[in-house]
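In: Give me the fold of what follows.
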Amino acid sequence: MTETIAFQLPLRAPAPPPLLPHLQPHAHSPPRLFSPTSLLSSSHPTPTSSSRTPRLGRPHDPTCQGGGGQAWNLPPSLSLPARRALQSLLSDPDRASPRDILSALPASELAAVLSALASRGRPGVALAALQAARDLHGERVLHLPRVLPTAVRVLARAGLLADAPALLDAAPEPDASAYTALVSAFSRASRYRDAVAVFRRMVANGVQPALVTYNVVLHVYSKIAVPWKEVLALVDAMKKEGIPLDSYTYNSLISCCRRSALHKEAAKVFDEMKAAGFEPDKVTFNSLLDVYGKARMHDEAIGLLKEMEQGGCPPSVVSYNSLISSYVKNGLLEEAAELKEEMEGKGIDPDVITYTTLISGLDRAGKVDAAIGTYDEMLRNGCKPNLCTFNALIKLHGVRGKFSEMMVVFDDLRSAGFVPDVVTWNTLLAVFGQNGLDTEVSGVFKEMKKSGYVPERDTYVSLISSYSRCGLFDQAMVIYKRMIEAGIHPDISTYNAVLSALARGGRWEQAEKLFAEMETLDCQPDELSYSSLLHAYANAKKLDKMKALSEDIYAEKIESHHGLVKTLVLVNSKVNNLPETEKAFLELRSRRGSLDINVLNAMVSVYGKNRMVKKVEEILSLMKGSSINLSIATYNSLMHMYSRLGDCEKCGNILTEIKSSGARPDRYSYNTMIYAYGRKGQMKEASRLFSEMKSSGLVPDIVTYNIFVKSYVANSMFEEATDLVRYMVTHGCKPNERTYNSILQEYCRHDKIAHAKSFLSNLPQLHPGISKQEQQRLLELLAKHTS
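Out: Purely as a prediction, here's the structure:
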């Protein structure tokens, strides 16, 4: 017997799920729910200068520590007046003001004193001294030799980099050293676009860049993925001016090849470097290892490792980290673990980068327990986490909706003396985008800007991805336009983010146009680009195009890596093409590709859709044997299968298991359970889940309501269905054609044509906002049902 549903007001959100043992909050700090503004309010003091921990072993001034410790090792080049001025500035400020001290100092010694203060961790004193010097001598002090570049460095180290360009404006003719100091300061602050702008201003003003200037700009180019032809143009300018390339230049050129995986170009630079008489050092080899890793050229990378050993340049932890990162990015976790064992066997201890890389890779593969185990091993071995480690843990918990655990990590980050960096913010953007929380995405972006971060390409890419994951495609495109307007040229990562957004909307035609644009701009589509195109075809149900591209991948007309074969598993599962899904899965296994959580979830999904319980159990057994934790997607696929089999009890058990695992059921979880109960006519249970769903903070969507409508009319509860439509309208969820079609179809199936016509005639009163066009389409649907 069917039961009616009572739509209740939302209840207060339940307490967050229990935390994992190793991440329990401190006794004085109760669990907190997340809000973007809470990121900046913490019980722990926020460092004001840098997220980096102080370097050990640096001599320090006893006056700055209140006594004790060793005195500074003053540069031997300092004159006696400069030494006296330096000691006076560092002594009790009540004895004499910086102005009084510097008034007795020859102006020619000023740069040396300022430089000594700034480079020895006293930017505040250096800043006061600079201001005193400007008060004494006016702006002409900036004309003195070496003062202007030193003043730029002082402002940068005092956290006032934004004021540094005004110094160059105040000086009549800034020289190359002043411009280079400002370019370097912007580069160190990761403000790469500003660094390039200063360099262009320098060239436009007719100031000849020095070798160090070019090297800094090449380093900047390596960070922002400048097209290779622009990199070569800069090198040509160096050669034209008669400036010889040095080893730093060659190393920077190899680094410029990394982001676009230009392995041929990097190898050519490597050969040119040796031909020019420069001996490759560890930086050279490690940079080339990065390029080979990015290009998935693992054999070449291993060969380079051997060349290092034979050339008397034994691989360091940095070298191994580069290779481990390459293996991890390609899902080759076993090979990465073997490399870690190899380096340990050679007496090289894994460092924080080694551990953090493995944690991130295990997280991506769905091996959460193994990731946390690696973190515990890291702590046991006395290796302290850095900011990257905390960022990885934030992502690990955040993408699974475990916001309480995420906030504990965020507090630990600050307790360790770090401040959130741009990666932290971008991680949070990705986390909330993954969870479809668009309001939080916007909130995090606002807080990021409040913290003084200028959005760079990676942030724009994160925003594009986050908004598209939230279903806000138009907003994602607005962000893309803002990026272009900000003078940031799209690179392969940008195009891939836009392609991914297009794919989610099934906009395959626009995706194909973007492919053509990429090729005209000398930006070759990569594996992620083709993966997005496959998803666009799948979401648009363009099976013929998907099949054609698949054949090109199997025939290796497109350079085929494991990632593309994985994508074939995902897209064929999405369209419920069982034979092609199994074909891609077997191909992946034959290539010894990594079977990560996404691939295995796709297999659970396709077998579940086809109600192949034994096959699903085989995949679950494989996941267990590979130490892969079940994700919310796994649980949802299982619930979907059992709901179609009419097993409400099994569905309920799975929902309970989700909660007990510490995961957070999503909207799909609840919709699936409601569907299962609705099919059985157990509307009271469906009503209970509806209330629970709202209490958890999830907003019912059109799918939720349509499931209820279909369940009501399937059980001849037309009055309840009509009441529900009224409830939807008053609560801001506009009924769609499927809502009304369910009602009309069941009226006709029960031979209640008059009731169907009456329902349509009363629809403007029930739904005042319905258009005449929509009413006409519904009349046509009714005619179709009665024909």
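In: Regarding stretch 313-321, how distant is the last residue from the first?
Out: Taking CA to CA, to the nearest Å as the measure, stretch 313-321 stretches 16 Å from start to finish.
In: How many residues are close by residue 613?
Out: The local packing of residue 613 (other CB atoms under 10 Å) involves 15 other residues. Just so you know, the C-beta spots here come from the backbone N, C-alpha and C atoms, and that holds for glycine as well.
In: Revised request: answer the last question for residue 200.
Out: Residues near residue 200, counting by other CB under 10 Å, number 11.
In: Which residues lie in contact with the closest residue to residue 351 other than its chain neighbours in this structure?
Out: What sits nearest to residue 351 in space, not counting adjacent residues and going by CB to CB, 6 or more residues apart in numbering, is residue 317, at 5.2 Å. With contacts defined as CB atoms under 8 Å, 6 or more residues apart in numbering, the neighbours of residue 317 are 343, 348-351, 353-354.
In: Neighbour-wise, which one of those residues leads?
Out: With neighbours defined as other CB under 10 Å, the most crowded of these is residue 354; it has 25 neighbours.
In: what's the spacing between it and residue 639?
Out: Between residue 354 and residue 639 the computed distance is 39 Å (CB to CB, to the nearest Å).
In: swap in residue 470?
Out: Applying CB to CB to residue 470 and residue 639 gives a distance of 23 Å.
In: Between those two, which has more neighbouring residues?
Out: Neighbours per residue, other CB under 10 Å: of residue 470 and residue 639, the larger number sits with residue 639, 28 against 22.
In: The more buried one reaches residue 674, doesn't it?
Out: No. With contacts defined as CB atoms under 8 Å, residue 639 does not count as touching residue 674, sitting 10.8 Å away.
In: pLDDT below threshold where in the stretch 501-650 of the chain?
Out: Across the stretch 501-650 of the chain, residues meeting the criterion (pLDDT under 70) sit at 560-561.
In: Which residue ranges of it form helices?
Out: Shown for the stretch 501-650 of the chain, the helices assigned by DSSP state H, counting those that start in this stretch span residues 508-520, 527-539, 543-554, 562-574, 578-590, 597-609, 613-625, 632-644, 648-660.
In: how big is the angle separating the third one from helix 562-574?
Out: When you say that, I think you mean helix 543-554. Per axes from the mean of the first three to the mean of the last three CA atoms, to 10 degrees, the angle that helix 543-554 makes with helix 562-574 is 150 degrees.
In: can you list the residues that contact helix 543-554?
Out: The set of residues external to helix 543-554 that reach it, using CB under 8 Å, 6+ apart, is 508, 530, 533-534, 537-538, 558, 560, 564-565, 568, 571-572, 575, 577, 580, 584, 587.
In: Once you drop chain neighbours, what's closest to residue 747?
Out: With CB to CB, 6+ apart as the measure, residue 756 is the residue that lies nearest to residue 747, at 3.8 Å, once sequence neighbours are left out.
In: neighbours of residue 551, just the number please.
Out: Every residue meeting other CB under 10 Å relative to residue 551 is counted, giving 10.
In: Now do it against residue 661, distance only.
Out: Here the criterion is CB to CB. By it, residue 551 lies 40 Å from residue 661.
In: Which among the helices of the stretch 501-650 of the chain is found nearest to residue 719?
Out: With CB to CB as the measure, helix 648-660 is the member of the helices of the stretch 501-650 of the chain nearest residue 719 (24.7 Å).
In: Going by neighbour count, which residues in that closest one are buried?
Out: Along helix 648-660, the positions that meet the burial threshold by neighbour count (16 or more other CB atoms under 10 Å) are 648, 650-652, 654-655, 658.
In: That helix packs against which elements?
Out: Helix 648-660 makes packing contacts with helix 632-644, helix 667-679 when contacts are defined by 3 or more CB pairs under 8 Å, 6 or more residues apart in numbering; DSSP states H and E.
In: please redo it, this time with the cut-off set to 10 Å
Out: For helix 648-660, the packing partners by 3 or more CB pairs under 10 Å, 6 or more residues apart in numbering; DSSP states H and E come out as helix 632-644, helix 667-679, helix 683-695.
In: Mind putting these into CSV with distance to residue 172?
Out: Supplementary listing: these in CSV, determined by distance: least, CB to CB, whole Å:
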stretch, distance to residue 172
helix 632-644, 64
helix 667-679, 64
helix 683-695, 68
